[in-house]
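Trainee: predicted structure and sequence below. I'll ask about it afterward.
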Amino acid sequence: MSVSVDLESISEATSGAIGAVVSTTILYPLDTCKAKYQAENEIAHGKRKYRNLSDVLWEAISTRQVLSLYQGVGTKNLQSFIAQFVYFYGYSYFKRLYLERTGSKSIGTKANLILAAAAGACTAIVTQPLDTVSLRMQTSAFGKSKGLWSTLSQGSWGETFDGLGISLLLTSNPAVQYTVFDQLKDRLLKRNQKIEKGLSPEVLSAFSAFVLGALSKSIATVLTYPAIRCKVMIQAADNDDNVDKQAKEKSGKTPSGVLRAIWKREGVPGFFKGLQAQILKTVLSSALLLMVKEKISATTWIFVLALSKYLLLKPGRLTSK
């Protein structure tokens, strides 16, 4: 295996991870409002605590807990960085390995979906505990969120893997997203793909990356949203008034139990509650992530290439095959 293959994968992973941290930090208050709104399922006398997303924001303002909109941001950033690094490294590595093994010059849609799903599965398994903890911190009552280790210590270690099955199912989300993004990107750059070997990969403009990222994420989100809401209901904090404790106890936090509870209490619309908020947040997040990634990928590539040359010049270091 050549050194360049690994270096390109590391460059892709680093760029994606940095982009994830930037987008997560900027949009975190919106993400917190979205999570608390999605987690609510309890209906008392025909009324809900949150009629729309703005009600969550107003609660934070009226109770003077605006800063609580950032509760769990450190854990979320850690989870985002690791998740995106693992995903982009795996996705980039699998694509290059596929091209080497098959001798193909391009990857078809079907193969791209499979490779993206494989990378997503690896990511879900590695980051599931942090994903569960960060969501519990977000959906805790404002001002009552505990720290990372305190939240981890609640319940058994196995409970931190609540929703892993759905997380694995939701690997179809980034699979669809990045497949659509890559296909659109390839078509957009098709006219200017003659690059000399060894130079930095061609990148999109910031505006093009933003538009393609938004479009690809919108498609993926609509197709997978019922599973997304089910996952939030399973992972949400038990001590929050927004969470339907009785439904969760009866269902044992199983996907089928949560789905039945949503169907019984809210009907078909319940499976799509918060869809607009999800699209707004995830589209902006994905678009920002991919925009930052595309803009810094060339710089990251140069840095990694320079580092590799330095290591190769040192006795006893890496040697290319």
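Mentor: Yep, it's here. Numbering: from 1, shown residues only.

Trainee: just how off-centre is stretch 111-130 within its chain?
Mentor: 10 Å (CA atoms, centre = their mean, to the nearest Å).

Trainee: so for that stretch, what gets flagged as buried?
Mentor: Within stretch 111-130, the residues that qualify as buried are 111-117, 119-124, 126-130, counting by 16 or more other CB atoms under 10 Å. Any C-beta I mention is one placed from the backbone N, CA and C, and that applies to glycine too.

Trainee: equivalent analysis for stretch 294-310, please.
Mentor: 294, 295, 296, 297, 298, 300, 301, 304, 305, 308.

Trainee: cool, stretch 179-191 as well?
Mentor: Judged by neighbour count using 16+ other CB under 10 Å, the buried positions of stretch 179-191 are 179, 180, 181, 182, 183, 184, 185.

Trainee: show me what it is in contact with.
Mentor: Stretch 179-191 has contacts (CB atoms under 8 Å, 6 or more residues apart in numbering) with 106, 109, 112-113, 116, 202, 204, 208, 212-213, 215-216, 219-220, 290.

Trainee: again, 6 Å this time
Mentor: With CB atoms under 6 Å, 6 or more residues apart in numbering as the contact definition, stretch 179-191 has outside contacts at 112, 113, 116, 202, 212, 216, 219.

Trainee: any low-confidence regions in the stretch 151-300 of the chain?
Mentor: Scanning the stretch 151-300 of the chain with the threshold set as pLDDT under 70 gives 151-158, 191-203, 237-253.

Trainee: just the helices in it please.
Mentor: 164-169, 172-188, 206-235, 245-251, 255-266, 275-313 (DSSP state H, counting those that start in this stretch).

Trainee: any chance of the ones you listed in TSV with distance to residue 40 as columns?
Mentor: Putting those into TSV (distance: least, CB to CB, whole Å) gives the following:
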stretch	distance to residue 40
helix 164-169	19
helix 172-188	22
helix 206-235	9
helix 245-251	12
helix 255-266	10
helix 275-313	12
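
Trainee: and the pLDDT at the closest residue to residue 24 other than its chain neighbours?
Mentor: Sequence neighbours aside, residue 80 is the residue nearest to residue 24 in space, at 4.5 Å (criterion: CB to CB, 6 or more residues apart in numbering). At residue 80 the predicted local confidence, pLDDT, stands at 88.

Trainee: could you say what helices and strands the helix or strand hosting residue 80 packs with?
Mentor: According to DSSP states H and E, residue 80 maps onto helix 73-102. In this structure, helix 73-102 packs against helix 3-39, helix 109-139, with contacts taken as 3 or more CB pairs under 6 Å, 6 or more residues apart in numbering; DSSP states H and E.

Trainee: hmm, try it at 10 Å
Mentor: For helix 73-102, the helices and strands in contact under the criterion 3 or more CB pairs under 10 Å, 6 or more residues apart in numbering; DSSP states H and E are helix 3-39, helix 109-139, helix 148-153, helix 172-188, helix 275-313.

Trainee: now those helices as CSV including distance to residue 260?
Mentor: Below are these laid out as CSV (distance: least, CB to CB, whole Å):
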stretch, distance to residue 260
helix 3-39, 17
helix 109-139, 21
helix 148-153, 28
helix 172-188, 22
helix 275-313, 20
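
Trainee: out of those, flag the one nearest residue 265.
Mentor: helix 3-39 (13.5 Å; CB to CB).

Trainee: next, the angle from that closest one to helix 275-313.
Mentor: Between the axes of helix 3-39 and helix 275-313, defined by axes from the mean of the first three to the mean of the last three CA atoms, to 10 degrees, the angle is 160 degrees.

Trainee: got the buried residues for helix 3-39?
Mentor: Of the residues in helix 3-39, those scored as buried under the neighbour-count criterion (16+ other CB under 10 Å) are 6-24, 27-39.

Trainee: for stretch 48-59, same thing?
Mentor: Within stretch 48-59, the residues that count as buried by 16+ other CB under 10 Å are 48, 50, 53, 56, 57, 59.

Trainee: just to revisit the earlier point, point out the one among the helices of the stretch 151-300 of the chain that comes closest to residue 67.
Mentor: Taking CB to CB as the criterion, residue 67 comes closest to helix 275-313 out of the helices of the stretch 151-300 of the chain, the separation being 19.3 Å.

Trainee: distance from that closest one to the middle of the chain?
Mentor: When distances are taken as CA atoms, centre = their mean, helix 275-313 is centred 14 Å away from the chain's centroid.
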